[in-house]
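**Q** sequence unavailable; structure follows:
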């Protein structure tokens, strides 16, 4: 069974921004992954916002989508009730829309892992009680 890789905002920004402390980790990891790497529009929107001040940052991100390295593979309208339930459940964290979409994607793509820098993913659970397989930089 093929393992799907789900990409969060932090590693995307780190991969593109050479000044990010996780740049080398994210760049090397991205180079080892087999495309497509799945993500959602909320992650892409967050990344574009964070890269807005970096010359060429948004263009580099969108080029990853154009080349098929990143594939936004989530339609919020089809999962809005599940996403709203997750955001309500983790309101104390608080859970961002992008995080809720990724947790829902990890439920849809059962054999998946989330690449993230966000320690909140240690708290989140898919299907109610299951830990989400993660890929994070070494401490």
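**A** Good, I have the coordinates. As the structure is a prediction and not an experimental result, all values here were calculated from the model. Numbering: from 1, shown residues only.

**Q** list the buried ones in the helix ranked longest in the chain?
**A** Secondary structure of the chain per DSSP state H: the longest helix is helix 76-89. Neighbour counts over helix 76-89 (16 or more other C-beta atoms under 10 Å) mark 79, 82, 83, 86, 87 as buried. Yep, even glycine has a C-beta here, placed from its N, CA and C like the rest.

**Q** what's the closest of those to residue 113?
**A** residue 86 (17.9 Å; C-beta to C-beta).

**Q** the closest one against residue 106, yeah?
**A** No. Look at residue 86 against residue 106 with C-beta atoms under 8 Å: they stay out of range, at 10.7 Å.

**Q** any idea how far stretch 49-60 is from the chain center?
**A** Computed by C-alpha atoms, centre = their mean, to the nearest Å, the chain-centroid distance of stretch 49-60 equals 17 Å.

**Q** sorry, that was for stretch 131-139
**A** 12 Å.

**Q** in the chain, what spans have low per-residue confidence?
**A** Within the chain, the ranges that satisfy pLDDT under 70 run 1.

**Q** show me where it has its strands.
**A** 4-7, 37-39, 70-72, 112-115, 125-126, 130-131, 134-135 (DSSP state E).

**Q** spit out the contact partners of the nearest residue to residue 136 once chain neighbours are set aside.
**A** Leaving aside its sequence neighbours, residue 136 sits nearest to residue 116 (C-beta to C-beta, 6 or more residues apart in numbering; 6.2 Å). Counting by C-beta atoms under 8 Å, 6 or more residues apart in numbering, residue 116 makes contact with 8, 10, 11, 102, 134, 135, 136.

**Q** what's the closest of those residues to residue 59?
**A** Using C-beta to C-beta, these come closest to residue 59 at residue 11, 18.3 Å.

**Q** look up how far residue 54 lies from the closest residue to that closest one other than its chain neighbours.
**A** Nearest-residue entry for residue 11: residue 26, 4.5 Å, with adjacent residues in sequence omitted and distances by C-beta to C-beta, 6+ apart. Separation of residue 26 from residue 54 (C-beta to C-beta, to the nearest Å): 14 Å.
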